[in-house]
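*Asks:* no sequence for this one, just the structure:
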(Lines give C-alpha, C1' and ligand atoms only; values in the text may rest on other atoms or scores of the structure.)
Protein backbone atom coordinates (compact mmCIF):
# COMPACT_ATOMS: atom_id res chain seq x y z
CA UNK A 1 0.00 0.00 0.00
CA UNK A 2 1.28 3.43 -0.91
CA UNK A 3 1.40 6.22 1.67
CA UNK A 4 1.48 9.93 0.97
CA UNK A 5 2.50 12.36 3.71
CA UNK A 6 0.96 15.80 3.21
CA UNK A 7 2.78 18.73 4.87
CA UNK A 8 0.96 22.04 5.23
CA UNK A 9 3.16 25.15 5.22
CA UNK A 10 1.33 28.12 6.69
CA UNK A 11 2.62 31.65 7.29
CA UNK A 12 1.27 35.10 8.00
CA UNK A 13 -2.19 34.73 9.55
CA UNK A 14 -3.33 35.55 13.05
CA UNK A 15 -4.78 32.20 14.09
CA UNK A 16 -3.95 28.88 12.48
CA UNK A 17 -5.59 25.57 13.21
CA UNK A 18 -5.14 22.45 11.14
CA UNK A 19 -6.10 19.21 12.83
CA UNK A 20 -5.31 18.73 16.51
CA UNK A 21 -2.73 21.44 17.30
CA UNK A 22 -3.45 25.15 17.04
CA UNK A 23 -1.01 28.09 17.02
CA UNK A 24 -2.78 30.77 19.02
CA UNK A 25 -0.49 33.79 18.61
CA UNK A 26 0.17 33.99 14.90
CA UNK A 27 2.75 32.82 12.38
CA UNK A 28 4.66 36.09 11.89
CA UNK A 29 6.60 37.41 14.89
CA UNK A 30 8.29 40.79 14.34
CA UNK A 31 10.82 42.34 16.73
CA UNK A 32 13.13 45.37 16.88
CA UNK A 33 16.38 45.56 18.82
CA UNK A 34 19.88 46.97 19.10
CA UNK A 35 23.29 45.31 18.80
CA UNK A 36 23.96 43.15 21.86
CA UNK A 37 20.31 43.02 22.94
CA UNK A 38 18.49 39.80 23.86
CA UNK A 39 14.88 39.52 22.74
CA UNK A 40 12.48 37.02 24.30
CA UNK A 41 9.46 35.61 22.53
CA UNK A 42 7.08 32.69 22.67
CA UNK A 43 4.74 30.52 20.62
CA UNK A 44 1.44 29.49 22.19
CA UNK A 45 0.19 26.03 21.20
CA UNK A 46 -3.09 24.31 22.05
CA UNK A 47 -3.75 20.60 21.66
CA UNK A 48 -7.46 20.50 20.87
CA UNK A 49 -7.64 16.71 20.61
CA UNK A 50 -8.38 14.04 23.20
CA UNK A 51 -5.04 12.30 22.66
CA UNK A 52 -1.41 13.13 23.41
CA UNK A 53 0.41 14.83 20.55
CA UNK A 54 4.18 15.06 20.13
CA UNK A 55 5.44 18.34 18.69
CA UNK A 56 8.95 18.95 17.35
CA UNK A 57 10.69 22.30 16.80
CA UNK A 58 13.48 23.02 14.32
CA UNK A 59 14.89 26.00 12.46
CA UNK A 60 14.77 26.49 8.71
CA UNK A 61 15.86 29.27 6.41
CA UNK A 62 13.37 31.09 4.21
CA UNK A 63 15.05 31.92 0.90
CA UNK A 64 13.40 34.66 -1.17
CA UNK A 65 14.14 35.63 -4.76
CA UNK A 66 12.72 37.86 -7.48
CA UNK A 67 12.84 34.95 -9.91
CA UNK A 68 11.41 32.06 -7.88
CA UNK A 69 9.00 31.23 -5.09
CA UNK A 70 9.96 31.22 -1.42
CA UNK A 71 11.90 28.12 -0.40
CA UNK A 72 12.27 26.60 3.08
CA UNK A 73 15.55 24.78 3.67
CA UNK A 74 17.79 23.63 6.51
CA UNK A 75 20.81 23.25 4.22
CA UNK A 76 21.41 26.75 2.91
CA UNK A 77 21.94 29.92 4.93
CA UNK A 78 21.68 33.47 3.61
CA UNK A 79 23.27 36.80 4.46
CA UNK A 80 20.29 38.01 6.56
CA UNK A 81 19.84 34.79 8.55
CA UNK A 82 19.29 35.06 12.31
CA UNK A 83 19.28 31.30 12.92
CA UNK A 84 22.56 31.49 14.86
CA UNK A 85 20.97 34.06 17.20
CA UNK A 86 18.13 31.72 18.23
CA UNK A 87 18.10 29.73 21.48
CA UNK A 88 15.56 27.54 23.26
CA UNK A 89 15.77 24.82 25.89
CA UNK A 90 13.08 22.69 24.25
CA UNK A 91 13.15 21.12 20.78
CA UNK A 92 10.38 18.55 21.29
CA UNK A 93 7.39 18.35 23.59
CA UNK A 94 4.46 16.05 24.31
CA UNK A 95 1.17 17.92 24.63
CA UNK A 96 -1.48 16.29 26.82
CA UNK A 97 -5.09 16.35 25.60
CA UNK A 98 -6.44 19.93 25.68
CA UNK A 99 -3.13 21.25 27.00
CA UNK A 100 -2.08 24.83 26.25
CA UNK A 101 1.70 25.15 26.06
CA UNK A 102 3.93 28.24 25.85
CA UNK A 103 7.13 27.57 23.94
CA UNK A 104 9.76 30.13 25.00
CA UNK A 105 12.73 31.21 22.92
CA UNK A 106 15.26 34.02 22.77
CA UNK A 107 17.02 35.91 19.99
CA UNK A 108 20.44 37.29 20.93
CA UNK A 109 21.59 40.03 18.55
CA UNK A 110 25.42 39.99 18.29
CA UNK A 111 27.39 42.89 19.74
CA UNK A 112 28.26 44.20 16.30
CA UNK A 113 27.45 47.88 15.80
CA UNK A 114 27.78 47.52 12.03
CA UNK A 115 24.65 45.36 11.86
CA UNK A 116 21.72 47.13 10.26
CA UNK A 117 18.63 45.77 8.58
CA UNK A 118 16.11 42.96 8.96
CA UNK A 119 17.24 39.44 9.84
CA UNK A 120 15.05 36.36 9.96
CA UNK A 121 14.73 32.67 10.60
CA UNK A 122 11.80 30.24 10.47
CA UNK A 123 10.71 28.06 13.38
CA UNK A 124 9.14 24.87 12.05
CA UNK A 125 6.59 23.32 14.40
CA UNK A 126 5.80 19.75 13.37
CA UNK A 127 3.05 17.58 14.82
CA UNK A 128 4.51 14.07 14.82
CA UNK A 129 1.30 12.08 15.22
CA UNK A 130 -0.95 11.68 12.21
CA UNK A 131 -3.93 13.96 12.36
CA UNK A 132 -6.00 11.68 10.14
CA UNK A 133 -5.76 8.68 7.87
CA UNK A 134 -8.26 8.20 5.09
CA UNK A 135 -8.43 4.99 3.13
CA UNK A 136 -9.18 5.86 -0.49
CA UNK A 137 -10.80 3.48 -2.95
CA UNK A 138 -7.57 3.48 -4.96
CA UNK A 139 -5.77 1.84 -2.04
CA UNK A 140 -3.68 4.92 -1.22
CA UNK A 141 -3.59 5.86 2.45
CA UNK A 142 -3.10 9.58 3.11
CA UNK A 143 -1.61 10.46 6.50
CA UNK A 144 -2.02 14.21 6.94
CA UNK A 145 0.62 15.85 9.10
CA UNK A 146 0.80 19.50 9.99
CA UNK A 147 3.95 21.58 9.82
CA UNK A 148 3.68 25.25 10.72
CA UNK A 149 6.29 27.76 9.48
CA UNK A 150 6.57 30.57 12.01
CA UNK A 151 8.59 33.55 10.77
CA UNK A 152 10.82 35.21 13.38
CA UNK A 153 11.88 38.60 11.98
CA UNK A 154 14.15 41.09 13.74
CA UNK A 155 14.83 44.69 12.75
CA UNK A 156 18.33 45.57 13.99
CA UNK A 157 19.44 49.11 14.84
CA UNK A 158 18.16 52.31 13.22
CA UNK A 159 15.91 52.15 10.18
CA UNK A 160 17.26 53.64 6.99
CA UNK A 161 15.22 55.29 4.24
CA UNK A 162 12.56 53.25 2.48
CA UNK A 163 13.87 52.19 -0.93
CA UNK A 164 11.10 50.81 -3.13
CA UNK A 165 11.13 50.61 -6.91
CA UNK A 166 8.57 49.47 -9.48
CA UNK A 167 10.41 46.77 -11.38
CA UNK A 168 7.64 46.08 -13.91
CA UNK A 169 4.00 47.04 -14.60
CA UNK A 170 1.92 45.19 -17.21
CA UNK A 171 -1.72 44.85 -18.18
CA UNK A 172 -2.95 41.32 -17.50
CA UNK A 173 -6.14 39.92 -19.03
CA UNK A 174 -8.23 37.00 -17.76
CA UNK A 175 -6.13 36.21 -14.70
CA UNK A 176 -7.25 33.56 -12.24
CA UNK A 177 -9.07 36.17 -10.12
CA UNK A 178 -9.72 39.15 -12.40
CA UNK A 179 -10.89 39.84 -15.95
CA UNK A 180 -8.44 42.77 -16.16
CA UNK A 181 -5.66 43.64 -13.74
CA UNK A 182 -2.43 45.53 -13.45
CA UNK A 183 0.35 43.01 -12.84
CA UNK A 184 2.92 44.91 -10.76
CA UNK A 185 6.35 43.74 -9.60
CA UNK A 186 7.73 45.84 -6.76
CA UNK A 187 11.31 45.54 -5.51
CA UNK A 188 12.66 46.40 -2.07
CA UNK A 189 16.19 47.80 -2.51
CA UNK A 190 16.52 48.63 1.19
CA UNK A 191 17.91 46.64 4.12
CA UNK A 192 14.67 46.23 6.07
CA UNK A 193 11.54 44.15 5.58
CA UNK A 194 8.81 46.56 4.55
CA UNK A 195 5.04 46.25 4.89
CA UNK A 196 3.93 47.69 1.55
CA UNK A 197 0.50 48.58 0.23
CA UNK A 198 -0.23 50.02 -3.22
CA UNK A 199 -2.64 52.78 -4.24
CA UNK A 200 -3.70 53.30 -7.84
CA UNK A 201 -5.15 56.76 -8.48
CA UNK A 202 -7.08 56.73 -11.77
CA UNK A 203 -7.84 59.95 -13.71
CA UNK A 204 -9.63 60.53 -17.00
CA UNK A 205 -7.96 62.51 -19.76
CA UNK A 206 -9.57 65.72 -18.47
CA UNK A 207 -7.75 65.29 -15.15
CA UNK A 208 -10.85 64.30 -13.18
CA UNK A 209 -10.33 61.53 -10.65
CA UNK A 210 -12.27 58.39 -11.56
CA UNK A 211 -11.42 56.15 -8.61
CA UNK A 212 -8.79 54.94 -6.16
CA UNK A 213 -7.87 51.25 -6.07
CA UNK A 214 -6.08 49.75 -3.06
CA UNK A 215 -4.04 46.59 -2.57
CA UNK A 216 -3.54 44.53 0.57
CA UNK A 217 -0.44 45.28 2.64
CA UNK A 218 2.25 42.63 2.12
CA UNK A 219 5.73 42.08 3.49
CA UNK A 220 8.50 42.69 0.95
CA UNK A 221 11.89 41.34 2.01
CA UNK A 222 15.23 43.10 1.35
CA UNK A 223 16.53 42.66 -2.18
CA UNK A 224 13.38 40.78 -3.18
CA UNK A 225 10.43 41.48 -5.47
CA UNK A 226 6.75 41.14 -4.61
CA UNK A 227 3.99 40.68 -7.17
CA UNK A 228 0.73 42.59 -6.80
CA UNK A 229 -2.40 42.18 -8.94
CA UNK A 230 -4.69 45.23 -8.85
CA UNK A 231 -8.20 44.68 -10.16
CA UNK A 232 -9.22 47.22 -12.83
CA UNK A 233 -12.12 45.17 -14.25
CA UNK A 234 -14.66 47.81 -13.21
CA UNK A 235 -13.08 50.55 -15.34
CA UNK A 236 -14.96 51.25 -18.61
CA UNK A 237 -13.02 51.08 -21.86
CA UNK A 238 -11.11 54.26 -22.52
CA UNK A 239 -7.88 56.11 -21.88
CA UNK A 240 -6.66 56.93 -18.38
CA UNK A 241 -3.79 58.61 -16.61
CA UNK A 242 -2.80 56.77 -13.42
CA UNK A 243 -0.56 57.47 -10.48
CA UNK A 244 0.74 54.28 -8.82
CA UNK A 245 1.97 54.73 -5.24
CA UNK A 246 3.72 52.32 -2.88
CA UNK A 247 3.38 53.09 0.83
CA UNK A 248 5.67 51.82 3.60
CA UNK A 249 6.33 53.44 6.99
CA UNK A 250 4.32 56.49 5.84
CA UNK A 251 6.76 57.05 3.00
CA UNK A 252 5.78 56.86 -0.66
CA UNK A 253 7.35 55.83 -3.95
CA UNK A 254 5.43 56.50 -7.14
CA UNK A 255 5.28 56.21 -10.89
CA UNK A 256 2.85 57.42 -13.56
CA UNK A 257 1.08 55.13 -16.02
CA UNK A 258 -0.85 55.74 -19.22
CA UNK A 259 -3.59 53.13 -19.43
CA UNK A 260 -5.72 52.25 -22.47
CA UNK A 261 -8.55 49.73 -22.09
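*Replies:* Cool, the structure landed. Predicted, not measured: the structure shown is a model, and the values here were computed from it.
*Asks:* so who does residue 180 touch?
*Replies:* For residue 180, the contact set (Cβ atoms under 8 Å, 6 or more residues apart in numbering) comprises 171, 172, 173, 231, 232, 233, 235, 261. All C-beta atoms are positioned from the backbone trio N, CA, C, and that covers glycine.
*Asks:* My read is that the last one contacts residue 242, right?
*Replies:* What it means is residue 261. No. Applying Cβ atoms under 8 Å as the test, residue 261 and residue 242 come out as separate, 11.1 Å apart.
*Asks:* what's the neighbour count on residue 47?
*Replies:* Burial measure for residue 47: 21 neighbouring residues, criterion other Cβ atoms under 10 Å.
*Asks:* How about it, nearest residue that isn't a chain neighbour?
*Replies:* Across the structure, with Cβ to Cβ, 6 or more residues apart in numbering as the measure, the residue nearest residue 47 apart from its sequence neighbours is residue 95 (3.9 Å).
*Asks:* Let's see the pLDDT reported for that neighbour.
*Replies:* Reading off the confidence values, residue 95 has pLDDT 94.
*Asks:* And this protein, what are its domain boundaries?
*Replies:* Described in terms of automatic domain parsing, the domain architecture of the chain consists of the residue ranges 3-156, 164-260.
*Asks:* Lowest mean pLDDT across those domains, which one is that?
*Replies:* Across the domains of the chain, domain 3-156 gives the lowest mean pLDDT, at a mean of 83.
*Asks:* quick one: that domain to chain centroid distance?
*Replies:* Here the centre of domain 3-156 is set off from its chain's centre by 12 Å, with Cα atoms, centre = their mean, to the nearest Å.
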